[in-house]
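S.K.: Mind folding the following:
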Amino acid sequence: MKKILGLVICSLMFIFVGCSSLFNNEIFNTSYDVTININDFNDLLAACVQKVEKSVVGIINRGSVSLFGSNVSTGSGVVFQGRARMKNGTWINDITLTKDSIDVDYYEYMVVTNKHVVEGNNRTYKVYIDDEELSANLVRRDDIYDLAVLKFNDGRYIPLIEFGDSDDMKSGNFVLAIGSPGGLELYNSVSFGVVSYPKRYLHDEDSRTTVEWIQHSAPINPGNSGGALINIKGELIGINTMKYAIEYAKDEMIVYEGLGFAIPSNVVKREVSYLANGLLPPRIVLGLTAMRLSVAKEEENINIDTLLKSGIYISEVSLSSLAHSKIFVGDIIISANGVEINQVYILQCMLRDYKPGDNIIFKLERNKIIVEVTITL
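M.R.: Residues are numbered from 1 along each chain as shown. Here you go, the predicted structure:
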């Protein structure tokens, strides 16, 4: 899996050309018994882009100048937070109250992008908006999710992106990707697609852990990293991060189109609440070593007597860990707070949603008896 830094313009008119004779400019969905006018749908998508396009910016990552020139890379970012510095020296956190005010001195904005967009030491960063480059500072990079936050000041009012609920996304939902593929010459290009799979768990090479993704078919390319994936309400439901590619020979690679991946907005919203304050999100460690039940049943040195067909088998519990004296070797975890746990990585990803002091109720099988155990994190 390879990270990307980029997007391709995709025309809705092209999508529907050749179908007018079949649909007569209308789509009739017999499953839901609704009629959708394609012109209205086209206008809706355009309105979604207009709603968020000012919130999506270009990112410039520039290294020091050497005999070989400067090392420059570009990506995309999304403005998600801001506050207004007033001429009287006060701050207003709700910038919508200052949209037409003449009393604003400047705005301070926060931008979320991918960590790999701002990688490197001794770098300088700029935010690109409407052919203008503005100096930016790195606030924090994450060590698990490929996310980072930059801060910059500007005198203009920039609407903040509205977060949608990525857990509501379903396979087949329409999505739009916005970013700067191939460089800032194609700043704020838009592509169209659908959610291919709403929760895909894949291994991240950089963090060496499994993370959650939205898989979608909206074309993305180098330069798109850190850009927005939005729904047809104009809400952010993901940060575009990578596309599927396989290196199969030296200097040769197969790149799959229509296989893009975005970090879900619910994950992004949680992570940036820490990163914007210069902090790393808390990482909960239960102290368990586990394996999928079906795998454990095939191990010669493990004797499992259970009628369960799915779950995760506990093979080790660390001393002085959160799970010690609560969960034991041989237990089979079935669910956590009502979420079915049939893969170890599901529990790993789930733990990132919690903070110290939260409770998790585990449903598990112990000695062929179903029990519930509560662990305070």
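
S.K.: and Ser297, that's in a helix?
M.R.: Careful, residue 297 is Lys; it's not Ser. Yes: with DSSP: H, G, I helix; E, B strand; the rest coil as the criterion, Lys297 is located in a helix.

S.K.: where's it relative to Ile332, distance?
M.R.: 11 Å (Cβ to Cβ, to the nearest Å). (C-beta placed from N, C-alpha, C; glycine too.)

S.K.: same deal with Val112?
M.R.: Counting by Cβ to Cβ, the separation of Val112 from Ile332 is 38 Å.

S.K.: neighbour count winner among those two?
M.R.: Neighbours were counted for Val112 and for Ile332 using other Cβ atoms under 10 Å; Val112 has more, 26 against 22.

S.K.: The more buried one bridge partners, please.
M.R.: Beta-bridge partners of Val112, counted by DSSP bridges, are Val78, Val149.

S.K.: Run through the stretch 251-377 of the chain and note the low-pLDDT ranges.
M.R.: 251 (pLDDT under 70).

S.K.: residue ranges of the strands in it, please?
M.R.: 252-264, 288-292, 312-317, 332-336, 339-340, 359-366, 369-376 (DSSP state E, counting those that start in this stretch).

S.K.: residues contacting the residue most central in space within the chain?
M.R.: By Cα atoms, centre = their mean, the chain has its centre lying nearest to Ile263, at 1.6 Å. If you count contacts by Cβ atoms under 8 Å, 6 or more residues apart in numbering, Ile263 has them with Tyr145, Asp146, Leu147, Val211, Glu212, Trp213, Ile214, Gly238, Ile239, Thr241.

S.K.: and the third one, what are its phi and psi?
M.R.: It stands for Leu147. phi -130, psi 150 (degrees, to the nearest 10).

S.K.: for the residue nearest to it when sequence neighbours are not counted, what are its contacts?
M.R.: Excluding its sequence neighbours, the residue lying closest to Leu147 (Cβ to Cβ, 6 or more residues apart in numbering) is Glu271, at 5.2 Å. Shown in contact with Glu271 (Cβ under 8 Å, 6+ apart): Asp142, Tyr145, Leu147, Pro281.

S.K.: could you measure Glu271 against Glu133, distance?
M.R.: Look at Glu271 and Glu133: by Cβ to Cβ, they are 26 Å apart.

S.K.: Can you give the contact residues for stretch 157-171?
M.R.: For stretch 157-171, the external contacting residues (Cβ under 8 Å, 6+ apart) are 51-52, 54-56, 78-82, 95, 98-99, 104, 107, 109, 129, 194-198, 214, 228, 230-231, 233-238, 264-269.

S.K.: Out of those residues, list just those in helices.
M.R.: Using DSSP state H, the subset of the contacts of stretch 157-171 located in helices is Lys51, Val52, Ser265, Asn266, Val267, Val268, Lys269.

S.K.: give me the number of residues near the fourth one?
M.R.: Per other Cβ under 10 Å, the neighbour tally for Asn266 reads 19.

S.K.: next one: phi and psi at the residue nearest to it when sequence neighbours are not counted?
M.R.: Leaving aside its chain neighbours, Asn266 sits nearest to Ser166 (4.7 Å; criterion: Cβ to Cβ, 6+ apart). Dihedral pair for Ser166: phi -70, psi -20, per degrees, to the nearest 10.

S.K.: All further residue positions should be reported with the first residue as 170.
M.R.: Yep, numbering from 170; the last one is Ser335 now.

S.K.: Tell me the pLDDT of Ser335.
M.R.: Note on Ser335: pLDDT of 97.
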